[in-house]
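> based on what follows, work out the 3D shape:
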Amino acid sequence: MGELDSRPCEGIEWQEKLKTRLFPVHRLDEEVTGILLFAKSDIAHREASLWFENRQISKSYEALTEAKAGAYEIGKVLTWKSKLLRGKKRAYEKDFGKPSVTESEFLGAGFVKDSWFWRLKPVTGRPHQLRFEMYKHQHPVLGDVLYGAEAPWGSSLGIALRAVRLDLSGCDARERYGLPLELKVDSLHEWFKRHQK
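Residues are numbered from 1 along each chain as shown. As a prediction, this is how the structure comes out:
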């Protein structure tokens, strides 16, 4: 038998706190902060998972990246497409990979020196999709050394990528589960101010 993973798991911590079983629906990489979505029954889990699979939920992320070469128009939405495969540690691009689509919006200079601020919307849900796209376009997410980042973000802050909003307005049966039209958390900047050491 392999060793047990000693890293903290948000889902397990919430299960213990709420004293009920939880089923993960919207997950994040360990290094990424933001919204997680759990279901409290296997039926709700199956239905909510289909919302994501059928693209009834729109996800929004914020990112700070290294400010490197390139010119972008503030507020213009770009559509980036790749064909991704997931290796043992990271995603990579191959002709026979799974289609990956990301909408990216350049928002200007970031709140950390020599950084750029982005709003990212993954249309598809491939592992490491946003991290790979920023690397591919030569703007790695701050702190994301796995994808070529040289600029630091803070040893205890993970990487500068945060899931800030889930738009649930297109979900059938959303009201039956008592869910609002959207779920939001603090912006990347607000979160950074609270957690900066």
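> in terms of helices and strands, where is the spatially most central residue of the chain?
By Cα atoms, centre = their mean, the chain has its centre lying nearest to A163, at 4.8 Å. Using DSSP states H and E, A163 maps to strand 161-167.
> quick one: contacts of that strand?
Residues from elsewhere that reach strand 161-167, judged by Cβ atoms under 8 Å, 6 or more residues apart in numbering: 26, 28, 31-35, 37, 57-63, 120, 130-131, 141, 144, 181-188, 191. For glycine as for every other residue, the C-beta is placed from the backbone atoms N, C-alpha and C.
> with stretch 190-197 instead?
33, 111-112, 154, 156-157, 160, 162, 185-186.
> can you pull the buried residues of that stretch?
Buried residues in stretch 190-197, counted by 16 or more other Cβ atoms under 10 Å: 191-192.
> and the closest residue to Q56 other than its chain neighbours, which of the three is it?
Nearest residue to Q56, sequence neighbours excluded (Cβ to Cβ, 6 or more residues apart in numbering): G170, at 4.3 Å. Of the three states, G170 takes coil according to DSSP: H, G, I helix; E, B strand; the rest coil.
> where's the residue nearest to S115 when sequence neighbours are not counted, which helix or strand?
Counting by Cβ to Cβ, 6+ apart, S115 lies nearest to L64, which is 4.5 Å off, once chain neighbours are set aside. Per DSSP H and E: L64 is located in strand 58-66.
> what lies in contact with that strand?
26, 34, 110-112, 114-122, 125, 130, 134, 139-142, 149-151, 153, 160-167, 170, 187-189.
> now stretch 91-102
By Cβ under 8 Å, 6+ apart, stretch 91-102 touches 79-85, 120-124, 126-133, 136.
> among those, which ones are in strands?
Members of these lying in strands (criterion: DSSP state E): 79-85, 120-122.
> most neighbours of all the residues you listed, which one?
Highest neighbour count within the ones in strands among the contacts of stretch 91-102, by other Cβ atoms under 10 Å: L120, with 25 neighbours.
> tell me how far the closest residue to it other than its chain neighbours lies from L188.
Spatial nearest neighbour of L120, chain neighbours left out: Y61 (4.4 Å); criterion: Cβ to Cβ, 6+ apart. To L188, Y61 is 8 Å away according to Cβ to Cβ, to the nearest Å.
> same check, this time on S156
16 Å.
> if we can go back for a sec, and the contacts of stretch 190-197, which of them are buried?
33, 112, 157, 160, 162, 185.
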